[in-house]
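A.B. asks: Quick one, fold the following:
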Amino acid sequence: MDDVAAHLGMSKKTLYASFPSKLALVEAVILRKFADVEAELRRVADESIDDVPAGLRQTLAALQRHVSELQPPFLRDVGKPGSELFRLMNARRSEVIQRHFSTMLERGRRAGVIRRDVPAQFVLQVLLAAVQGVLTPQNLAEMGLTPTEGVAAIVSLFLEGVLTEKGRAQT
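C.D. replies: Reported below is the predicted structural model:
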């Protein structure tokens, strides 16, 4: 907290007046980051109403950009299974994925570019399982991947599997 207060040009006492603990400060940072992600994903959804494959690519690219900003020490500290921050990040990530991808999947089905033979809820659960199962510091380290590379692999597999022939032709 000393370093944060010094960086912000304030006393530690002033910092603790806004954030009673280190955990509260990190939680506020995480929630702010998710708010930024949500704002970008809403913008992408609004701009890609008529082009679902482009919207999916832009949505996944935005997620990849945001993940690439996370530094390994932060992920290692926050990504400890069972910790409050780990649960918070998983819950928020799940909400964001379900909210934004369910809308895109439904639009894509109506446009004929997303497969109809697999239930949308199943597609969402597979995506969530991939993200939550692969994007842990331990799993990424075991596979020799950075978070950005892990997201890129999930994006590639997801887009290839969910799009129809018509959708793949548009990518």
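
A.B. asks: Next up, phi/psi of residue 114, please.
C.D. replies: In terms of degrees, to the nearest 10, the main-chain angles of residue 114 are phi -120, psi 130.

A.B. asks: In contact with it, which residues?
C.D. replies: Counting by Cβ atoms under 8 Å, 6 or more residues apart in numbering, residue 114 touches 52, 104, 105, 108, 162, 163, 164, 167. (Each C-beta comes from the backbone N, C-alpha and C, glycine too.)

A.B. asks: Residue 57 and residue 159 touch, don't they?
C.D. replies: Yes - with contact defined as Cβ atoms under 8 Å, residue 57 reaches residue 159; the gap is 7.0 Å.

A.B. asks: follow-up on the earlier one: would you turn the contacts of residue 114 into TSV with secondary structure and neighbour count?
C.D. replies: Formatted as TSV, these follow (DSSP: H, G, I helix; E, B strand; the rest coil; neighbours: other Cβ atoms under 10 Å):
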residue	secondary structure	neighbour count
52	helix	25
104	helix	23
105	helix	22
108	helix	25
162	helix	23
163	strand	20
164	coil	18
167	helix	19
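
A.B. asks: Quick one: those residues as CSV, columns for distance to residue 132 too.
C.D. replies: As requested, the contacts of residue 114 are exported to CSV (distance: Cβ to Cβ, whole Å):
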residue, distance to residue 132
52, 24
104, 19
105, 18
108, 23
162, 18
163, 22
164, 26
167, 25
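
A.B. asks: Widest-spaced pair of these?
C.D. replies: Across these, no pair lies farther apart than 104 and 164, at 13.9 Å, counting by Cβ to Cβ.

A.B. asks: As a check, name the ranges of all helices in the protein.
C.D. replies: Using DSSP state H, the helices of the chain run over residues 2-8, 12-18, 22-47, 52-68, 72-78, 84-111, 120-134, 137-143, 147-162, 165-170.

A.B. asks: Buried deepest among the ones you listed, which one?
C.D. replies: Comparing the helices of the chain on average neighbours per residue, with mean count of other Cβ atoms under 10 Å, the densest one is helix 52-68 at a mean of 19.

A.B. asks: coming back round to it: of the helices of the chain, which shows the lowest average pLDDT?
C.D. replies: Ranked by mean pLDDT, those bottom out at helix 72-78, with a mean of 68.

A.B. asks: Good, we can wrap up now.
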